[in-house]
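J.: Fold the following.
(2 chains)
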There are 2 protein chains.
Amino acid sequence: MTKTDLARRVYNHTWKLDPICRSLLDTDFYKLLMLQMIRGLYPDVNATFSLMNRNKKVQLAAEIDEGELREQLDHARTIRFTKKEMIWLAGNTFYGRKQIFQPDFLAWLADFRLPEYELRRHNGQFELHFHGRWEETTMWEIPALAIINELRSRAAMRSLGPFALDVLYARAKAKVWSKVERLKRYPDIRISDFGTRRRHSFLWQRWCVEALKEGIGEAFTGTSNVLLAMDTDLEALGTNAHELPMVLAALADTEEELRAAPYRVLEDWQTYYGGNLLIVLPDTFGTEAFLHAAPDWVAGWTGFRPDSAPPVEGGERIISWWKERGQDPREKLLIFSDGLDVDTIERTHRHFKGRVRTAFGWGTNLTNDFEDCAPKEIDSLKAISMVCKVSEANGRPAVKLSDNPEKATGDPQAIKRYLEIFGSEERVRRPVTV
Amino acid sequence: MTKTDLARRVYNHTWKLDPICRSLLDTDFYKLLMLQMIRGLYPDVNATFSLMNRNKKVQLAAEIDEGELREQLDHARTIRFTKKEMIWLAGNTFYGRKQIFQPDFLAWLADFRLPEYELRRHNGQFELHFHGRWEETTMWEIPALAIINELRSRAAMRSLGPFALDVLYARAKAKVWSKVERLKRYPDIRISDFGTRRRHSFLWQRWCVEALKEGIGEAFTGTSNVLLAMDTDLEALGTNAHELPMVLAALADTEEELRAAPYRVLEDWQTYYGGNLLIVLPDTFGTEAFLHAAPDWVAGWTGFRPDSAPPVEGGERIISWWKERGQDPREKLLIFSDGLDVDTIERTHRHFKGRVRTAFGWGTNLTNDFEDCAPKEIDSLKAISMVCKVSEANGRPAVKLSDNPEKATGDPQAIKRYLEIFGSEERVRRPVTV
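T.: Residues are numbered from 1 along each chain as shown, chains lettered A, B, ... in the order given. Sure, this is the predicted structure:
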């Protein structure tokens, strides 16, 4: 039947708001793991999160309407966890563990809402900040990024007619499926979706996740998106992020405390989590500095997630460090998640095969690859490198150095001080695309 | 955009099976409550469930294709409870109580599948039986009925073109909404959906449930359909059914045990459930006989569900019985669920207002009222009175007398014996439409 559904058509055409953020579970799983720890150990810490657009050439405030942005942010603030979602969080098994979230944390979460935001336009960019308790502001990272990215896609597609749109998605689907077919050749590969924050749109991410699920089966190990994990009976995946060492470093009162911050985070973490959640993210203040000063027990953790060095190089460095510390890399896990696409995944998988367990957290190039898909070139359909990072903790600047100076964030003075303390060994400038 | 989605169109047109039963939760909640008790107390009992079409004039086997029926029944047998569903059953609150389902029951349920069926055609009807353990066969009641009813609707609509179908659903929706508007006048009314078994289709039941939710708000207390309850964050409602006294009576070895069976069921029930789940279904072997011989503690239960006497008459009878037993009816609950429509609901609500608490379990006339909706008259769009009842327990005939001899089921010899034992006081023959 091709009759037009009149009610639906009018409803669609008088749509007040097509919400981008549909649920508080539409976030990355690691935010919930970190949140439980933040609330447990650092409930009084204030942390400001700020939007940072690394592609200065892209003038976000010219592409996106401020009113629409405010509507979406306001809408996200009205959302609560639903009864079904709370039941699922309490009852599901995560990383093989039941009740990973404690009852008092879940009781608190049931009333959670996103805190206020501060938005203004400046030089063609949006200045978007979230001030307040760390245990609240941290939850803005993913929805803020997803909202801006999807508003950007929507704006980019506004000039396209129905045929052009049809072709756009046809090409994008064909592209994803070609990637799926290439990955199918490696049944022992382990891939998961890490593409929430920079996705083209929520519905597109869902399409990609379902395509991977159908296409590569067991090789698809899950998604970082908690809502999609729930809705599609997939594993929710993710561990921890740079914000933990960044905040702890900012809170340090002495140079000694500052040097110890990256390891203090791991000590905190292992009081909450174990097993495959014991994954080190070593590059916050440079991987070399981290490995050099790491206590021996760090080598006992399950794995590393090198996030800014090139995969082969970064992985080899960690393997040799494990060996130095008497560990067998074949029992260890390397999780790659920085700017991956099929080429890198294939190459890295083949390179390390049999020498170390690997897993790939595939992000932007999975959920937002529309290159050459539009019938005419549309610059603003291209994903940009935008992050939402902690910028201050208890009034002090928060800093990330990274292994790639292009990915560093923070006040220049503070960066300079951190570089003096942690050194700048092996830091190599590389272009950041996503 | 009105572009045709080619992939979807081809998928729809090459559809192998449009499943009617989508989930094992697509059943009535009382089946799960009873199942837990059956499995706990009567795990070794065998019970046969059989389809009974009370409208002999409707030749089911002429309306429905046997192959399609087998496909749907076979498909239902492939379904398992999903991870998300199991988590929800374990974590949700039912009737204000957490963990109403015990862990060992849930562990067993996780592997549950519907048992085999026996199907043949005879005299234009289907003979459909489910033999085996009571703890398995009981779960066929609702899917079997829902499958046959939906296959009947589909067959009935096959002759309609796109316009006729459009008008059919337009009228049916208008009709439901007029009912909603009438019920809106009584904000203190309490209505729930009991329409799974005889629904027009799953999607139509969902539409009706969502219409009631939006239309009468708090006055809509929930649905007996567990899947819809989960998906729409509504309460799952229901208590117990005739099969419990029917099986216990069939198992009785002496006349004394047979007379005691209806009360034995209640004793069993209250070892599992309490509060608003303590609802007596009195009419299995005639309400008069039940009330007459009932021990005093039965009057202490929360309420009654008179299921075959006319609502006002049946309700009054129970109220006077409560008074005889020194109970205040204003603290009691009457649940009406037999052949209700807006007229009966309104009238009954007004009649009892202030004298007893009432609730209405609205079934067939909510989820399958297409009278005068099709552009031409289609007899087979009209709901029929069909049930799936226990017919044998451990090889002995199972009997229901009911307050309405038209609703009696069982072997004529056995019915005769039961009537001698329980009497036939106040049983009045009334036409059964749904």
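J.: Just list the residues touching the closest residue to A:Thr137 other than its chain neighbours, thanks.
T.: Distances taken as C-beta to C-beta, 6 or more residues apart in numbering or on different chains put A:Phe130 closest to A:Thr137, at 4.3 Å, once the chain neighbours are dropped. The C-beta positions use only the backbone N, C-alpha and C, and glycine is treated the same way. In this structure, A:Phe130 makes contact with A:Thr48, A:Phe49, A:Ser50, A:Pro115, A:Glu116, A:Tyr117, A:Glu118, A:Thr137, A:Trp140, A:Ala144, judged by C-beta atoms under 8 Å, 6 or more residues apart in numbering or on different chains.
J.: how close does the second one sit to chain B?
T.: In this structure, A:Phe49 and chain B are 30 Å apart, going by C-beta to the nearest C-beta, to the nearest Å.
J.: list the buried ones in the helix or strand hosting that residue?
T.: Take DSSP states H and E as the rule and A:Phe49 turns out to sit in strand A:47-53. Buried residues in strand A:47-53, counted by 16 or more other C-beta atoms under 10 Å in any protein chain shown: A:Ala47, A:Thr48, A:Phe49, A:Ser50, A:Leu51, A:Asn53.
J.: Which pLDDT value does the model give the first one?
T.: In other words, A:Ala47. The model reports A:Ala47 with a pLDDT of 98.
J.: Kindly state the beta-bridge partners for it.
T.: Residues in a beta bridge with A:Ala47, per DSSP bridges, are A:Ala393.
J.: And the fifth one, by the same measure?
T.: With DSSP bridges as the criterion, the beta-bridge partners of A:Leu51 are A:Cys388.
J.: residues contacting it?
T.: With C-beta under 8 Å, 6+ apart, A:Leu51 has these contacts: A:Phe126, A:Glu127, A:Leu128, A:His129, A:Ala144, A:Leu145, A:Ile148, A:Met386, A:Val387, A:Cys388.
J.: For A:Gly275, give its distance to B:Leu340.
T.: A:Gly275 sits 54 Å away from B:Leu340, going by C-beta to C-beta, to the nearest Å.
J.: Equivalent analysis for A:Leu160, please.
T.: As judged by C-beta to C-beta, A:Leu160 and B:Leu340 stand 52 Å apart.
J.: out of those two, which sits in the more crowded spot?
T.: Legend: neighbour count by other C-beta atoms under 10 Å in any protein chain shown for A:Leu160 and B:Leu340, higher for B:Leu340 (21 against 18).
J.: so what's the more buried one closest to, chain neighbours aside?
T.: B:Leu340 sits nearest to B:Trp362 (C-beta to C-beta, 6+ apart), 5.2 Å away.
J.: neighbours around that neighbour, how many?
T.: 26.
J.: now A:Val58
T.: A:Val58, neighbours per other C-beta under 10 Å, totals 18.
J.: Please apply the same query to A:Pro19.
T.: A:Pro19, neighbours per other C-beta under 10 Å, totals 16.
J.: I'd assumed it was in a strand, is it?
T.: No. Counting by DSSP: H, G, I helix; E, B strand; the rest coil, A:Pro19 falls outside a strand, being coil.
J.: What's the separation between it and chain B?
T.: Separation of A:Pro19 from chain B (C-beta to the nearest C-beta) stands at 17 Å.
J.: Confirm for me that that residue is in contact with A:Glu71.
T.: No. At 9.1 Å, A:Pro19 and A:Glu71 do not qualify as touching, with contact defined as C-beta atoms under 8 Å.
J.: quick one on the thing from earlier: now the buried residues of strand A:47-53 in a markdown table, with distance to B:Pro310?
T.: Formatted as a markdown table, the buried residues of strand A:47-53 follow (distance: C-beta to C-beta, whole Å):
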| residue | distance to B:Pro310 |
| --- | --- |
| A:Ala47 | 67 |
| A:Thr48 | 68 |
| A:Phe49 | 65 |
| A:Ser50 | 69 |
| A:Leu51 | 67 |
| A:Asn53 | 71 |
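J.: Backbone dihedrals for the residue of the stretch 151-300 of chain A found nearest chain B, please?
T.: As assessed by C-beta to the nearest C-beta, chain B sits closest to A:Pro162 within the stretch 151-300 of chain A, at 4.3 Å. When read as degrees, to the nearest 10, the backbone of A:Pro162 gives phi -60, psi -40.
J.: Could you tell me how many residues sit around it?
T.: 10.
J.: So which helix or strand of chain A has the lowest pLDDT on average?
T.: Between all helices and strands in chain A, the lowest mean by mean pLDDT, DSSP states H and E belongs to helix A:6-13, at a mean of 76.
J.: Doesn't A:Asp369 belong to a strand?
T.: No. Using three-state DSSP, the assignment for A:Asp369 is coil, not a strand.
J.: Neighbours of it, how many?
T.: 22.
J.: what kind of secondary structure is the nearest residue to it once chain neighbours are set aside in?
T.: Leaving out its chain neighbours, the residue that sits closest to A:Asp369 by C-beta to C-beta, 6+ apart is A:Lys175, at 6.3 Å. Following three-state DSSP, we place A:Lys175 in the helix state.
J.: rewinding a little: so which of the contacts of A:Leu51 comes closest to B:Pro295?
T.: Nearest to B:Pro295 among the contacts of A:Leu51, counting by C-beta to C-beta, is A:Ala144 at 64.5 Å.
J.: tell me the angle the strand or helix carrying the closest one makes with strand A:47-53.
T.: A:Ala144 belongs to helix A:141-157 when elements are defined using DSSP H and E. On the basis of axes from the mean of the first three to the mean of the last three C-alpha atoms, to 10 degrees, helix A:141-157 is oriented at 20 degrees to strand A:47-53.
J.: Show me where the stretch 301-434 of chain A has its strands.
T.: A:303-304, A:333-336, A:357-362, A:386-393, A:396-397 (DSSP state E, counting those that start in this stretch).
J.: cool, the stretch 1-150 of chain A as well?
T.: Using DSSP E, counting those that start in this stretch, strands in the stretch 1-150 of chain A cover A:47-53, A:93-94, A:97-98, A:118-122, A:125-130.
J.: wait, isn't A:Asn46 in contact with A:Arg396?
T.: No. Proximity of A:Asn46 to A:Arg396 does not meet the contact threshold set by C-beta under 8 Å, at 10.1 Å.
J.: helix, strand or coil for the residue nearest to A:Trp269 when sequence neighbours are not counted?
T.: The spatial neighbour of A:Trp269 that comes closest, neighbours along the chain excluded (C-beta to C-beta, 6+ apart), is A:Asn240 at 6.3 Å. Following three-state DSSP, we place A:Asn240 in the coil state.
J.: Regarding A:Asn240, what are the backbone dihedral angles?
T.: Dihedral angles (degrees, to the nearest 10) for A:Asn240: phi -150, psi 170.
J.: What is the burial count for it?
T.: Per other C-beta under 10 Å, the neighbour tally for A:Asn240 reads 23.
J.: Repeat that for the one 10 residues further on.
T.: Using other C-beta under 10 Å, A:Ala250 is surrounded by 23 other residues.
J.: does it really touch A:Val399, like I thought?
T.: Yes. Counting by C-beta under 8 Å, A:Ala250 touches A:Val399, with 7.3 Å between them.
J.: Please name the nearest non-neighbouring residue to the closest residue to chain B within the stretch 301-434 of chain A.
T.: Residue nearest to chain B within the stretch 301-434 of chain A: A:Pro375 (14.1 Å; C-beta to the nearest C-beta). The shortest distance from A:Pro375 to any non-neighbouring residue, by C-beta to C-beta, 6+ apart, is to A:Ala164 (4.8 Å).
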